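K.L.:
output the structure for:
(one chain, ligands or ions: 1)
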Amino acid sequence: MKTKTLAQKIRNTEKKAAIRTAQNMTVRRKIWLLFLLFTAIVFLLIWFLEVVFLQTFYPVMKKNQTVRVAAKVEGLCNVGEDENIDTDKLQQIGINNNTCIEYIDADGAEEVRVDVMNGNCLLHGNRVDIYILLDKLMSSKNGKILMQVYDEKVQSQVIVYGRIIGTKSKPKGYLLMDAPLAPVGTFVSIIKRQMFYIIFILIVISILFSMYISNYISKPIKKLTESAESLARGDYNTKFEGGGYEEVDKLARTLEYAESELKKTDMMQRDLVANTSHDLRTPLTMIKAYAEMIRDLSGDNPEKRNAHLKVIIDESDRLSDLVNDMLDLSKLESGTLKLEETEFNITQKMKDIYKRYQLFADKKNFHIFFEPPKDRLVVCDEAKIERVICNLINNAVNYTAKDRNVYLREILKEDCVLIEVEDTGDGIEKDKIKLIFDKYYRSENHKRETVGTGLGLNIVKTILEMHGYRYGVRSTVGKGSVFWFEINIKKM
Ligand code: ADP
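P.N.:
This is a model prediction of the structure:
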């Protein structure tokens with residue numbers, strides 16, 4: 001029953017994933033749709049402005065324009081008794097604005113006549129019309145008229161403006177103006193027809209343009225995806241090419257970096273498998289060989305048997321060290337092991353460690369030196385820092401020279417405690433110093449008797465970095481190395 005529901009769940013997840021993929025459009029299609037949408041919006045905007053707005057707004061705009069022109073004309077007509085009206089200027093205004101102007105003085109004599117339409121207008125075509133308009137102007141409430149009328153002669157709408165100059169009771173003269181309204185209807189129908197061509201051209205342009213842009217964007221991404229797939233299949237020599245724009249170039253560089261890191265890790269892991277399998281096999285072979293010796297030869301000889309048992313115990317220790325190192329590192333890296341900071345006396349701790357190493361210094365044939373300073377309290381993860389110090393001492397013991405000397409130092413500074421472990425060994429070449437803290441790195445001249453996994457210094461580095469402590473190595477080839485780190489002083 002349970003398996004059935006699980007299978008159903010898996011099928012459902014697969015279905016959902018398939019739907020999601022179908023819903024996720026390609027960049028090409030998305031860009032194409034966006035362009036189409038953009039074209040539609042542009043088209044609607046033009047349509048609205050040209051067709052709908054033109055019909056309603058044009059007469060209003062024309063009326064406003066006529067009023068503006070009228071203000072200038074009024075100023076020119078309203079002159080003193082002895083002054084002459086500047087008819088040339090009025091002529092120019094009429095021509096510029098396609099407006100006919102008629103100014104009649106209080107006695108009914110024509111003072112100004114600007115006829116820009118050669119008599120084809122309300123004012124200058126038929127005298128009757130002018131009288132009707134004058135009549136309307138005189139009977140208007142505030143001595144002003146502004147209206148839209150249909151002029152049969154030119155068969156179009158015109159805007160008529162009239163104004164009494166002076167006051168209504170004591171007029172100086174009467175100003176009349178008329179301006180034809182262009183026939184918007186025909187204009188609109190032309191635009192409507194043109195719109196079809198415009199929309200067609202817009203669609204073609206947007207298709208071509210979107211195709212070009214989507215190609216430009218998606219081509220390098222497609223190429224990178226193919227390269228990434230080839231990397232996923234394990235080809236670490238894949239080339240990642242950018243593609244003309246910053247984002248893709250950056251992605252290519254990041255992928256190349258990821259590739260080099262993967263390559264390094266892969267190589268190190270291969271090395272580890274080779275090294276650890278060798279390291280695991282050797283003690284196992286020894287354990288088996290010595291166990292067989294005890295069974296077949298030394299079982300009855302307590303002295304020999306004890307010697308053989310010692311080898312078995314040593315080799316078992318070696319094995320458990322190796323396995324522990326691997327476990328610890330994986331725990332540290334996965335974040336399972338958290339820092340447990342406490343306050344403790346670092347000088348006392350160093351003394352304890354020193355004493356412990358002294359206990360088997362004779363047996364392992366090395367000399368360890370330490371001169372403890374004053375007591376000093378520090379706050380950090382005691383067990384982990386002890387592990388760091390022991391790892392460094394183990395290395396010093398393993399790599400120290402014939403004199404077999406190892407120097408342990410604790411230097412109290414104002415803001416930190418400097419711990420140093422010095423050996424008199426072969427030292428480390430400059431170009432190797434960068435590598436020794438890497439996981440799985442082991443020198444090529446790795447000796448069998450040296451207990452080591454290539455993990456010790458990586459554990460040191462991980463713990464010190466978790467604490468945020470400074471650390472490093474000073475080393476001279478042929479003279480020895482000093483591994484150091486600083487425990488920062490902080491209060492609980
Ligand atoms: P291992 O188990 O091989 O000692 P480590 O991580 O402790 O692994 O050290 C990595 C490498 O660093 C060693 O293989 C060795 O080459 C170098 N190394 C570490 N400590 C010393 C030292 N005190 N003197 C010289 N080389 C050292």
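
K.L.:
what helices or strands is the helix or strand where Asp88 lies leaning on?
P.N.:
Element membership for Asp88 (DSSP states H and E) is helix 87-97. Helix 87-97 is packed against helix 54-77, strand 100-105, strand 110-114, with contacts defined by 3 or more Cβ pairs under 8 Å, 6 or more residues apart in numbering; DSSP states H and E. From N, CA and C alone the C-beta is placed, and that goes for glycine too.

K.L.:
run the last query once more with 10 Å
P.N.:
With contacts taken as 3 or more Cβ pairs under 10 Å, 6 or more residues apart in numbering; DSSP states H and E, helix 87-97 sits against helix 54-77, strand 100-105, strand 110-114, strand 171-180.

K.L.:
tell me which residues in the longest one are buried?
P.N.:
Across helix 54-77, burial judged by 16 or more other Cβ atoms under 10 Å covers Tyr58, Lys62, Lys63, Thr66, Val69, Ala70, Val73, Leu76, Cys77.

K.L.:
so which elements touch it?
P.N.:
When contacts are defined as 3+ Cβ pairs under 10 Å, 6+ apart, helix 54-77 packs onto helix 87-97, strand 100-105, strand 110-114, strand 144-151, strand 156-166, strand 171-180, helix 184-232.

K.L.:
residue of the stretch 201-350 of the chain nearest the ligand, please.
P.N.:
Per Cβ to the nearest ligand atom, Asp325 is where the stretch 201-350 of the chain lies closest to the ligand, at 7.9 Å.

K.L.:
before we move on, back to that, Ala307 is nearest to which of the helices and strands packed on helix 87-97?
P.N.:
helix 54-77 (111.6 Å; Cβ to Cβ).

K.L.:
separation between the closest residue to Leu435 other than its chain neighbours and the ligand?
P.N.:
Nearest non-adjacent residue to Leu435, counting by Cβ to Cβ, 6 or more residues apart in numbering: Tyr441, 4.9 Å away. Tyr441 sits 5 Å away from the ligand when distances are taken as Cβ to the nearest ligand atom, to the nearest Å.

K.L.:
surely Glu410 touches Lys349?
P.N.:
Yes - using Cβ atoms under 10 Å, Glu410 is in contact with Lys349, at 9.3 Å.

K.L.:
quick one on the thing from earlier: the residue nearest to Leu435 reaches Ile428, doesn't it?
P.N.:
No - counting by Cβ under 10 Å, Tyr441 stays clear of Ile428, with 11.1 Å between them.

K.L.:
part of a helix, is Tyr407?
P.N.:
No - according to DSSP: H, G, I helix; E, B strand; the rest coil, Tyr407 belongs to no helix; its state is strand.

K.L.:
thinking again about what came up before, Tyr441 and Ile428: which is more packed in?
P.N.:
Taking neighbours as other Cβ atoms under 10 Å, Tyr441 and Ile428 compare with Ile428 leading, 20 against 17.

K.L.:
check contacts around Leu90.
P.N.:
Taking Cβ atoms under 10 Å, 6 or more residues apart in numbering, we find Leu90 in contact with Lys72, Val73, Leu76, Cys77, Ile101, Tyr103, Val112, Arg113, Val114.

K.L.:
the second one touches Asn96, doesn't it?
P.N.:
Put plainly, it is Val73. No - using Cβ under 10 Å, Val73 is not in contact with Asn96, being 11.6 Å away.

K.L.:
quick revisit: and the gap between the residue nearest to Leu435 and Glu420?
P.N.:
From Tyr441 across to Glu420, the span is 22 Å (Cβ to Cβ, to the nearest Å).

K.L.:
for burial, what's the neighbour tally of Thr167?
P.N.:
The number of residues packed near Thr167 is 9, by other Cβ under 10 Å.

K.L.:
quick check: the gap between it and the ligand.
P.N.:
Distance, Thr167 to the ligand, by Cβ to the nearest ligand atom: 110 Å.

K.L.:
what sits against the residue of the chain most remote from its centre?
P.N.:
When distances are taken from the C-alpha mean of the chain, Asp107 lies farthest, 82.3 Å away, according to Cα atoms, centre = their mean. Counting by Cβ under 10 Å, 6+ apart, Asp107 makes contact with Gly173.

K.L.:
quick one: secondary structure of Glu465?
P.N.:
Classification of Glu465 by three-state DSSP places it in helix.
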